[in-house]
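> Return atomic coordinates for the entry below.
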Amino acid sequence: MSIQRNDPCRCGNKEKFKRCCGRSDETLKELRMAIHELGHASVLPQHVLSHVSFLHPCPLCEGDEGKQQSGAHTGYPSEEVLPLLDEILYSLAGGAAEVACGLSPELECSEFGSFPSSMGNDLRDLGSALPKEIWDALIPVLPGCFKVLTSHFESKSTFLWKMSRSLRESRSLTSNEMDFRAFDRDELMSRFKRSVGLSE
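Below you'll find the model as predicted:
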């Protein structure tokens, strides 16, 4: 459900949204980006050292990656190769976190299904990284996968709002500053496997 200006702010403060996280377009834009990237980071395997950052250039990134201009980004070591299901989960998680936090109620129809506009690059990058036959088989189940992730994040939305404020203020967070253990990744992965038609 979309957050309204007079709703209590979901970060846990007792202020109305319009006087807290929604007090300006710029604040809300950065919080939206932060929640999107925290969604990505939260589903990475726990052993993966990662960071989420607004910094440009980013001293936490390797090589040229941190020199690219973007609003915010999630980074992890280039030698980490995510298994296929983790790659799909990672790609969908940013937009699902936004929707669960009430920030992207308007889903846009595309060749992939109905998703937040902020996910365009995530889905295109995923499609270009997968063999065509796997990508073609995946497209029909993407909306169901997205619903699983959104449902998973809905009960974590206050945590995501609080952490997004922390990220916006500090400008970067590393994996040792982001504790996602309560997100129960094993349960999420179990539900996710079922959504793509894989048995346990």
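> So which elements touch the helix or strand hosting T150?
Following DSSP states H and E, one finds T150 within helix 142-154. Here helix 142-154 touches helix 84-100, strand 113-115, helix 185-195, going by 3 or more C-beta pairs under 8 Å, 6 or more residues apart in numbering; DSSP states H and E. The way it works is simple: take the backbone N, C-alpha and C, and place the C-beta from them, glycine included.
> Same list (those) but as CSV, adding mean pLDDT, distance to A34 and mean neighbour count.
Formatted as CSV, the helices and strands packed on helix 142-154 follow (pLDDT from 0 to 100; distance: least, C-beta to C-beta, whole Å; neighbours: other C-beta atoms under 10 Å):
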stretch, mean pLDDT, distance to A34, mean neighbour count
helix 84-100, 93, 10, 23
strand 113-115, 87, 19, 17
helix 185-195, 90, 20, 15
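> Dump these into a markdown table; add distance to E15 as well.
Formatted as a markdown table, those follow (distance: least, C-beta to C-beta, whole Å):
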| stretch | distance to E15 |
| --- | --- |
| helix 84-100 | 21 |
| strand 113-115 | 31 |
| helix 185-195 | 31 |
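> sorry, back to before: give me the buried positions along the helix holding T150.
Within helix 142-154, the residues that count as buried by 16 or more other C-beta atoms under 10 Å are 142, 145-146, 148-150, 152-153.
> ok, those residues vs L28, which is closest?
F153 (18.3 Å; C-beta to C-beta).
> Please name the nearest non-neighbouring residue to that closest one.
In this structure, F153 finds its nearest non-sequential neighbour in A100, 3.5 Å apart by C-beta to C-beta, 6 or more residues apart in numbering.
> what do you get for W135?
In space, and not counting its chain neighbours, W135 is closest to G127: 5.0 Å by C-beta to C-beta, 6+ apart.
> give the contact list for G75.
The contact partners of G75, taken as C-beta atoms under 8 Å, 6 or more residues apart in numbering, are 50-53, 58, 60-62, 65-66.
> swap in R23?
Residues near R23 by C-beta under 8 Å, 6+ apart: none.
> same question, R185
So R185 contacts 43, 45-46 (C-beta under 8 Å, 6+ apart).
> Of those, just the buried ones, PyMOL syntax please.
Typed into PyMOL, the line below selects the buried ones among those, using 16+ other C-beta under 10 Å:
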select buried, resi 43
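> Residues in contact with the helix or strand of the chain with the lowest mean pLDDT: which ones?
Within the chain, no helix or strand scores below strand 108-110, which has a mean of 80 by mean pLDDT, DSSP states H and E. Contacts with strand 108-110, where a contact means C-beta under 8 Å, 6+ apart, come from 114-117, 120, 123.
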